[in-house]
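Novice: 3D, please:
(one chain, ligands or ions: 2)
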Amino acid sequence: MTESAEPAEDVREVDRGSGEEAPAREPEGPDIEPSPDFLREVEQATGQSLSACFQCKKCTCGCPLQEDVDFHPNRILRLIQFGQRDEVLRSKTIWLCLGCETCTQRCPNGVDLAAVMDYLRYAAVVEGIEPAEPRVRKFHEAFLESIRKYGRSHEIDMIRRYKFKTGTFFDSMAMGFDMFRKGKIKLMGHKIRDLDAFRQTFDRQKDKE
Ligand code: SF4
Ligand code: SF4
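Specialist: Ligands and ions are numbered 1, 2, ... in the order given. Sure thing, here's the model as predicted:
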């Protein structure tokens with residue numbers, strides 16, 4: 001492990017409720033070259049002071065995905081502080097994050113971790129890094145394509161696009177039917193009024209990326 005990597009005893013996460021180790025992934029070791037500018041890059045892009053994080057883990061304790069991610073949210077912050085760019089941008093965590101902002105609300109230092117996760121996904125896409133959770137990326141694409149078409153979300157259109165992209169035609173059918181029965185999914189979508197102007201703005205933004 002390089003001098004700038006984390007001490008070994010701090011690698012495993014411990015659930016404060018049960019006292020048991022949670023299944024967070026361990027950094028891969030001495031062959032990871034740190035990127036010294038990574039911390040500054042993320043701080044500048046998000047306007048967050050990530051150096052202020054003192055690893056209290058309040059973010060992780062509130063995260064609904066703490067059992068599913070490979071690095072806990074506080075660990076992602078730590079890896080950024082240590083310039084572990086590759087490890088962070090290839091992690092599942094950045095793609096599984098729901099953007100629920102629970103971590104953001106709980107942080108005593110006011111770190112908007114949800115915004116950091118947004119930027120990390122963006123950075124991974126810009127660098128052409130294959131997402132660790134490819135289906136999540138396809139979900140984002142389906143959502144944006146549907147938004148461009150209607151100017152607002154249209155669940156059936158989005159589901160159709162997602163299913164074609166992933167080939168998961170028969171997954172979650174029972175849940176989908178239940179949602180339809182309860183009126184959570186509408187068959188017909190409504191387009192917004194000034195759709196052309198909306199699409200121009202949408203495309204301009206996409207071109208910037
Ligand atoms: S809650 Fe804030 S200070 Fe505590 S570990 Fe998470 S990001 Fe760091
Ligand atoms: S925004 Fe993401 S990292 Fe933060 S609590 Fe929600 S799922 Fe976890």
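Novice: pretty sure residue 36 is in a strand, no?
Specialist: No. Per DSSP: H, G, I helix; E, B strand; the rest coil, residue 36 lies outside any strand segment and is coil.
Novice: can you give me the buried ones in stretch 133-140?
Specialist: 133, 136-139 (16 or more other Cβ atoms under 10 Å). (Each C-beta comes from the backbone N, C-alpha and C, glycine too.)
Novice: and residue 104, how far from residue 92?
Specialist: From residue 104 across to residue 92, the span is 20 Å (Cβ to Cβ, to the nearest Å).
Novice: so the two - more neighbours on which side?
Specialist: residue 104 (20 against 17; other Cβ atoms under 10 Å).
Novice: pLDDT value on that one, please?
Specialist: pLDDT, residue 104: 97.
Novice: show me the contacts for it.
Specialist: When contacts are counted by Cβ atoms under 8 Å, 6 or more residues apart in numbering, residue 104 touches 59, 111-115.
Novice: what about those residues, which are in helices?
Specialist: 59, 113-115 (DSSP state H).
Novice: returning to what we had before: and ligand 1, which of the buried residues of stretch 133-140 contact it?
Specialist: Near ligand 1, taking Cβ under 6 Å from any ligand atom as the test, no member of these is found.
Novice: now those in a markdown table, with pLDDT?
Specialist: Below are those laid out as a markdown table (pLDDT from 0 to 100):
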| residue | pLDDT |
| --- | --- |
| 133 | 86 |
| 136 | 89 |
| 137 | 87 |
| 138 | 92 |
| 139 | 91 |
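Novice: just curious, which of those is nearest to ligand 2?
Specialist: Checking the buried residues of stretch 133-140 against ligand 2 with Cβ to the nearest ligand atom, the nearest one is residue 136 at 11.9 Å.
Novice: can I see the domain layout of the chain?
Specialist: Split into domains by automatic domain parsing, the chain comes to 8-126, 134-208.
Novice: mean pLDDT lowest for which of those?
Specialist: Here the lowest mean pLDDT among those goes to domain 8-126, at a mean of 86.
Novice: so how far is that one off the chain centroid?
Specialist: Centroid displacement of domain 8-126 relative to its chain, using Cα atoms, centre = their mean, to the nearest Å, is 10 Å.
Novice: and that domain, is it in reach of ligand 1?
Specialist: Yes. Applying Cβ under 6 Å from any ligand atom, one finds domain 8-126 in contact with ligand 1 at 53-59, 74, 77, 106-109, 111, 113.
Novice: specify which member of these is nearest to ligand 2.
Specialist: residue 113 (5.2 Å).
Novice: residue boundaries of the helices in the protein?
Specialist: Under DSSP H, the chain gives helices at 38-46, 58-62, 73-81, 85-89, 93-96, 102-106, 113-126, 134-150, 155-166, 173-181, 195-208.
Novice: OK, contacts around residue 108?
Specialist: 56, 58.
Novice: can you tell me how far it is from residue 168?
Specialist: The gap separating residue 108 from residue 168 is 40 Å, by Cβ to Cβ.
Novice: hang on, the earlier thing: the ones in helices among the contacts of residue 104: which two are farthest apart?
Specialist: 59 and 115 (12.5 Å; Cβ to Cβ).
Novice: neighbour count for these two, which is higher?
Specialist: Counted by other Cβ under 10 Å, residue 59 and residue 115 do not tie: residue 59 has more neighbours, with 27 against 17.
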